[in-house]
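*Asks:* From the sequence below, what's the structure:
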Amino acid sequence: MIKYSLKPDGSTDAGAAGAGEHIAPVPRISIQAFCETAESASTVQAAGDDRRMAKAHLKIQMGGIAAAAEAYRSAPTPNVVLIESESRHDELLTGLDQLAEVCDAGTRVIVVGRANDILLYRELVRRGISDYLIAPIDVLDIIRAISSLFGAPDAKPVGRTIAVVGAKGGVGASTVGHNIAWSIARDMRLDAVVADLDLAFGTAGLDYNQDPPQGIADAVFSPERIDTAFVDRLLSKCTDHLSLLAAPATLERVYDFGTDAFDSIFDVLRGSVPFIILDVPHVWSGWTKRTLIAADSILIVAGPDLANLRNAKNMIDLLRAARPNDHRPHYCLNQVGVPKRPEIKADEFAKALEAEPAGLIPFEPQMFGTAANNGQMIAEISSGHRVAETFRQLAQVVTGRGEVKRARSNLLTPFLEKLKLRQA
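*Replies:* Just a heads-up that it's a prediction; the model follows:
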């Protein structure tokens, strides 16, 4: 008998999930797949390219059960073995018995078969198979099955990262992100952490009226010390449900980071907090690109002008290509309605970006200026104001608890025609 852990819910449902489904990232494990069809091999490879599988090492071979049994006669088995088999009941079980003779204890096996047979499934469970997927499979079927193997039934949900970034400098992305985080904590009563990733010029400490002696710099410059207890000591408590991992906002040192500089910090936060709002600065580097691609939800903040439209489109196109199995990035328009300023309308943005904005935030200099100078959020200044309501709606959207409302569409303006000509 193969000694593997069973899937927590014992489910055989392999129905496709929506792109917004939250699947926890797969840990640093080795996975080997033995496929029988080129179609399944291609799907497994696509799963391996998904952001949630970035830490796993995947190897794909052809030959099914027979090839796996032969390979492991002279080599140790990995953490997970995925087997595709077109064999029927008795032949499949015989092949798995042969595989069991060469499998190391602790290896987990996922079988992809053609038979939608509850009796077969029960027999596979009895023999210790971790999961059974019914072909044809899709990318999320594979990622979900592997991810679920490493989540204990009583474990807390892995935290969701929400990256907020500006399409252009000065559009107020940090202000938007901080107010959304406040709404998640205050209005939705969910624990959240704001991580200010702009170490040189970050404003989260000012916006929340906090001046902690330690923050995210202490973690990123001491990677060998990063664990839950260490990160907890760096957090500054803003409210009962909201904490801050503040940026030093000093220029004594240069903040040049490697691509994976923040990975360990994010991993620790995911294990202890339901929602992590990443205040991503408007720079384009290896680590910012990696942070955006790896985030569970993305909000791009743009102003209503041509440069913002171009940048937002470029970012959305890149992120959609890099995250084919995720919900497309959301965007919102900020500082809408500046007097005497020509602006591109929201419905024209929607036409160019092929999606409705998640929110429209009007130009309210008095309110935002007062909040910034006092170290307060908009909801603290005026909880019933339409801007505060917009932040509550954005909080619902980025946490997956709300949907973007449709806006009235319109024809392309000369601004958009000009943009299209530039890109041609």
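
*Asks:* Report how many residues lie close to the residue nearest to M53 when sequence neighbours are not counted.
*Replies:* Leaving out its chain neighbours, the residue that sits closest to M53 by Cβ to Cβ, 6 or more residues apart in numbering is V26, at 5.2 Å. The way it works is simple: take the backbone N, C-alpha and C, and place the C-beta from them, glycine included. V26 has 24 neighbouring residues, counting by other Cβ atoms under 10 Å.

*Asks:* Next one, pLDDT for the residue of the chain most remote from its centre please.
*Replies:* No residue in the chain sits farther from the centre than D90, which is 41.3 Å out by Cα atoms, centre = their mean. Per-residue confidence (pLDDT) for D90: 81.

*Asks:* before we move on, the earlier item: assign the residue nearest to M53 to helix, strand or coil.
*Replies:* Three-state call for V26 (DSSP: H, G, I helix; E, B strand; the rest coil): coil.

*Asks:* Tell me how far it lies from L133.
*Replies:* Per Cβ to Cβ, to the nearest Å, V26 is found 16 Å from L133.

*Asks:* With I118 instead?
*Replies:* Using Cβ to Cβ, I118 is found at 14 Å from L133.

*Asks:* Who has more neighbours out of the two?
*Replies:* L133 (21 against 9).

*Asks:* quick one: which helix or strand includes that one?
*Replies:* L133 is part of strand 131-134 when elements are defined by DSSP states H and E.

*Asks:* cool, and D218?
*Replies:* Following DSSP H and E, one finds D218 within helix 216-220.

*Asks:* Residues touching the next helix or strand after that helix, excluding its own?
*Replies:* As assigned by DSSP H and E, the chain's next helix or strand after helix 216-220 is helix 228-234. Outside helix 228-234, the residues that touch it by Cβ atoms under 8 Å, 6 or more residues apart in numbering are 212, 214-216, 218-219, 222, 245, 265, 268-269, 271-272.

*Asks:* Distance check, the residue lying closest to T239 once chain neighbours are set aside against A192.
*Replies:* Spatial nearest neighbour of T239, excluding adjacent residues (Cβ to Cβ, 6+ apart): A185 at 5.7 Å. Counting by Cβ to Cβ, the separation of A185 from A192 is 5 Å.

*Asks:* neighbour count winner among those two?
*Replies:* With neighbours defined as other Cβ under 10 Å, A185 and A192 compare such that A192 has more, 28 against 23.

*Asks:* Contacts only, for that one.
*Replies:* Residues counted as contacts of A192 (Cβ under 8 Å, 6+ apart) are 181, 184-185, 241-243, 273-277.

*Asks:* Put together CSV for those residues, with secondary structure, pLDDT and distance to A295 on each row.
*Replies:* As requested, the contacts of A192 are exported to CSV (DSSP: H, G, I helix; E, B strand; the rest coil; pLDDT from 0 to 100; distance: Cβ to Cβ, whole Å):
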residue, secondary structure, pLDDT, distance to A295
A181, helix, 96, 14
I184, helix, 93, 15
A185, helix, 91, 19
H241, coil, 89, 21
L242, strand, 94, 19
S243, strand, 94, 19
V273, coil, 87, 14
P274, coil, 86, 15
F275, strand, 91, 12
I276, strand, 95, 9
I277, strand, 97, 10
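
*Asks:* Find the pair from those with maximum spatial separation.
*Replies:* With Cβ to Cβ as the measure, no two of the contacts of A192 lie farther apart than H241 and I276, at 13.1 Å.

*Asks:* Which residue of the two possesses the greater neighbour count?
*Replies:* Applying other Cβ under 10 Å to H241 and I276 shows that I276 carries more neighbours, namely 24 against 21.

*Asks:* Tell me what the more buried one is bridged to.
*Replies:* T161, V193 (DSSP bridges).

*Asks:* Quickly note the distance from it to D131.
*Replies:* Applying Cβ to Cβ, the value for I276 to D131 is 29 Å.

*Asks:* and what of T43?
*Replies:* Going from T43 to D131 by Cβ to Cβ gives 16 Å.

*Asks:* before we move on, what about L309?
*Replies:* Taking Cβ to Cβ, one finds L309 at 45 Å from D131.

*Asks:* These two: which has the busier surroundings?
*Replies:* D131 (27 against 24).

*Asks:* who are the neighbours in contact with that one?
*Replies:* Counting by Cβ under 8 Å, 6+ apart, D131 makes contact with 7, 110-111, 145, 148-149.

*Asks:* Identify the farthest-apart pair in these.
*Replies:* With Cβ to Cβ as the measure, no two of these lie farther apart than V111 and S148, at 14.7 Å.

*Asks:* More neighbours: which of the two?
*Replies:* The neighbour comparison of V111 against S148 (other Cβ under 10 Å) goes to V111, with 23 against 18.

*Asks:* quick check, the more buried one in a helix?
*Replies:* No. Assessed with three-state DSSP, V111 is strand; it does not lie in a helix.

*Asks:* so it makes contact with L124?
*Replies:* Yes. Between V111 and L124 there is a contact under Cβ atoms under 8 Å: 6.4 Å.

*Asks:* what touches both of those two?
*Replies:* Common neighbours of V111 and L124 (criterion: Cβ under 8 Å, 6+ apart): 96, 132.

*Asks:* which non-adjacent residue is nearest A388?
*Replies:* A379 (4.5 Å).

*Asks:* Give me the next element, helix or strand, following the helix or strand harbouring the one you found.
*Replies:* Assessed by DSSP H and E, A379 sits inside helix 378-381. Tracing the chain past helix 378-381, the next element assigned as helix or strand by DSSP H and E is helix 386-398.

*Asks:* Which parts of the stretch 201-350 of the chain are strands?
*Replies:* Secondary structure of the stretch 201-350 of the chain (DSSP state E, counting those that start in this stretch): strands at 236-237, 242-245, 275-280, 297-302, 330-336.

*Asks:* and of those strands, who's closest to L251?
*Replies:* Smallest distance to L251 across the strands of the stretch 201-350 of the chain (Cβ to Cβ): 18.4 Å, for strand 275-280.

*Asks:* what does stretch 262-270 contact?
*Replies:* Around stretch 262-270, the neighbours that count as contacts under Cβ under 8 Å, 6+ apart are 25, 158-159, 161, 193, 195, 197, 216, 219-220, 223, 226-228, 231, 245, 276, 278, 287, 290-291, 294.
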